[in-house]
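In: Provided below are the primary sequence and the corresponding predicted coordinates.
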Amino acid sequence: MPRHAEPAAVHDSLVLEPRDVQFDWSALPLHWIPDEPMATHTINVLHLLLPEGERWFVKVFKDALPLITDEQLREEVLGFIGQEAIHAEAHQEVLDHLLAQGLDPRPYVRQISWLFRRVLGDKPGLTAAQRHENTIERVAFVAAIEHFTAFLGNWALNSPGLDRAGADPTMLDLLRWHGAEEVEHRSVAFDLMVHFDPGYLRRLRGMLVSGPLLVHLWVRGTRFMLAADPTLKGSVRPTWREARQIARRGLLPEPARMFRSALRYFLPGYHPTKEGSSSQALAYLATSPAARAAGS
Ligand SMILES: [Fe+2]
Ligand SMILES: [Fe+2]
């Protein structure tokens with residue numbers, strides 16, 4: 001899996017554009033990786049988290065827009081907002097399909113909605129200075145989460161195990177289209193955070209809050225999906241051991257690799273462009289059935 005990026009020119013010349021993709025979920029099986037309910041539902045947690053999470057990204061970045069004093073960064077933030085808004089809606093459609101198949105995701109999604117709207121949403125009664133500070137702090141949370149979305153995007157683009165296991169091609173295209181755009185825009189949130197506050201403490205705090213929270217939500221989400229699946233009736237209980245075995249079959253990222261990746265975020269010389277490959281992301285987007293249909 002590429003970790004070190006290509007020449008900076010490839011990344012620097014990118015113009016972020018939203019691709020207005022459509023997916024047809026009518027033929028998606030409940031276990032879209034055949035006979036792999038735990039791998040399927042661990043990845044399905046993306047659909048639980050991302051609609052609310054990415055709408056929150058959009059809200060935070062819209063709040064940040066008036067504070068940006070660099071025109072090029074402002075353009076990148078606008079591109080980021082456009083891409084994340086489409087990602088949220090694409091994953092929402094999968095949730096609607098799961099509900100139609102008898103797996104009701106709404107109890108978990110309500111908790112996620114509460115988290116992003118109430119806990120991480122606007123705080124009433126703040127002064128202008130406090131609002132400004134709160135916006136920058138939330139940008140730092142987004143920057144840390146974007147480290148993980150780029151990691152997962154890079155993994156999705158380099159996961160032949162999913163193809164070998166016969167995973168549904170439309171779901172693979174959703175994961176890889178989204179993953180490729182995450183790799184494509186992986187430096188925007190980080191650069192925005194540094195634009196507002198180049199200090200190391202802000203970066204540190206963003207990851208120390210977002211990393212454990214994300215792991216917690218993922219574990220809870222996987223347990224929820226396996227319990228809510230009407231065909232399993234609680235018969236599959238997720239464990240870290242099982243997750244590692246599934247990862248060895250190439251159907252999930254290795255937890256240890258993800259942990260090491262999170263640690264790299266703390267290196268003083270870290271920059272998102274050192275992870276993943278923009279060229280590979282663009283190459284996938286040039287062949288993605290959904291992205292090609294959106295561009296035609
Ligand atoms: Fe996204
Ligand atoms: Fe993103």
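Out: Nice, I can see it. Ligands and ions are numbered 1, 2, ... in the order given.

In: so, in contact with ligand 2 or not, the helix or strand hosting Asp96?
Out: Under the criterion of DSSP states H and E, Asp96 resides in helix 71-100. No - using Cβ under 5 Å from the ion, helix 71-100 stays clear of ligand 2, with a minimum separation of 5.5 Å. C-beta: built from backbone N, CA, C; applies to glycine.

In: next SSE after that helix?
Out: That would be, after helix 71-100 and using DSSP H and E, helix 106-114.

In: And the contacts of that next one?
Out: With Cβ atoms under 8 Å, 6 or more residues apart in numbering as the test, helix 106-114 has contacts from 48-49, 51-53, 95, 99, 217, 220-221, 224-225, 228.

In: Buried only: go through these for me.
Out: Applying 16 or more other Cβ atoms under 10 Å to the contacts of helix 106-114, the neighbour count classes 48-49, 51-53, 95, 217, 221, 224-225, 228 as buried.

In: Would you mind giving these as a markdown table with distance to Lys62 added?
Out: A markdown table is the format used below for these (distance: Cβ to Cβ, whole Å):
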| residue | distance to Lys62 |
| --- | --- |
| Leu48 | 23 |
| Leu49 | 20 |
| Pro51 | 17 |
| Glu52 | 16 |
| Gly53 | 15 |
| Leu95 | 23 |
| Leu217 | 23 |
| Gly221 | 26 |
| Phe224 | 30 |
| Met225 | 31 |
| Ala228 | 33 |
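
In: so which residue of the stretch 1-150 of the chain comes closest to ligand 2?
Out: Thr149 (4.6 Å; Cβ to the ion).

In: Okay, that residue and Trp155: tell me how far apart.
Out: Distance, Thr149 to Trp155, by Cβ to Cβ, to the nearest Å: 11 Å.

In: of those two, who's got more company?
Out: Higher neighbour count among Thr149 and Trp155: Thr149, with 26 against 22, using other Cβ atoms under 10 Å.

In: State the pLDDT value of the residue of the chain found nearest ligand 1.
Out: For the chain, the residue closest to ligand 1 is His87, as judged by Cβ to the ion, at 3.5 Å. On pLDDT, His87 comes in at 95.

In: Just to check, it is in contact with Glu54?
Out: Yes - the pair His87 and Glu54 qualifies as a contact (Cβ atoms under 8 Å) at a distance of 5.1 Å.

In: How many neighbouring residues does Asp163 have?
Out: As a burial measure, Asp163 scores 11 neighbours (other Cβ under 10 Å).

In: ah, wrong one, I meant Gly125
Out: Around Gly125 there are 6 residues (other Cβ under 10 Å).

In: now it: how far from Asn134?
Out: Distance from Gly125 to Asn134, by Cβ to Cβ: 12 Å.

In: same check, this time on Pro238
Out: Relative to Asn134, Pro238 is positioned 35 Å away (Cβ to Cβ).

In: How about the residues of the stretch 51-200 of the chain by ligand 1?
Out: So far as Cβ under 5 Å from the ion goes, the stretch 51-200 of the chain lies against ligand 1 at 84, 87.

In: Tell me the residues on the stretch 51-200 of the chain that lie near ligand 2, please.
Out: So the stretch 51-200 of the chain meets ligand 2 at 149, 182 (Cβ under 5 Å from the ion).

In: Which secondary structure state is assigned to Arg292?
Out: helix (DSSP: H, G, I helix; E, B strand; the rest coil).

In: Could you give the separation of stretch 271-283 from the chain centroid?
Out: Computed by Cα atoms, centre = their mean, to the nearest Å, the separation of stretch 271-283 from the middle of its chain amounts to 15 Å.
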